[in-house]
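A.B. asks: give the three-dimensional model of this entry:
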Amino acid sequence: MTTYPTGPVATAIEERLRAALSPTRLAVIDDSEKHRGHAGHDGSGESHFTVEIVSPTFEGQSRVARQRAVNTALADLLAERVHALAIKARAPSEV
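C.D. replies: Coordinates of the predicted model:
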């Protein structure tokens, strides 16, 4: 299993997604360093993320519905702390 460095924002993302969507697989990847010098990168890190999530909740849902579910679980973080979020959401049957 790959481990990723986690700061307080990444930890909050993971906790909220686990509580809201009960994933069987979850990776929260901090991509902030890749965006140094771009909009939204203030030098403090934890501004750009990729979430790879597999959840039974996504079975039968469209890609848009899955992204909405993730965005809903993270709404206040997206409004206040996270500048960009890439979402790779799949159902267990798609793995």
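
A.B. asks: any low-confidence regions in this structure?
C.D. replies: 1-5, 33-45 (pLDDT under 70).

A.B. asks: could you redo the last one with a cut-off of 80?
C.D. replies: Across the chain, the ranges flagged by pLDDT under 80 are 1-6, 33-46.

A.B. asks: any chance you could map the helices in this protein?
C.D. replies: Assigned by DSSP state H, the helices in the chain fall at 8-21, 63-73, 75-80.

A.B. asks: in JSON lines: the ones you listed, plus distance to H48 and mean neighbour count.
C.D. replies: Quick note: C-beta positions are derived from backbone N, CA and C, even for glycine. Shown next, in JSON lines, are the helices of the chain (distance: least, C-beta to C-beta, whole Å; neighbours: other C-beta atoms under 10 Å):
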{"stretch": "helix 8-21", "distance to H48": "10", "mean neighbour count": "17"}
{"stretch": "helix 63-73", "distance to H48": "15", "mean neighbour count": "15"}
{"stretch": "helix 75-80", "distance to H48": "12", "mean neighbour count": "12"}
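
A.B. asks: I29: which of those helices is closest?
C.D. replies: Closest approach to I29 among these (C-beta to C-beta): helix 8-21, 8.3 Å.
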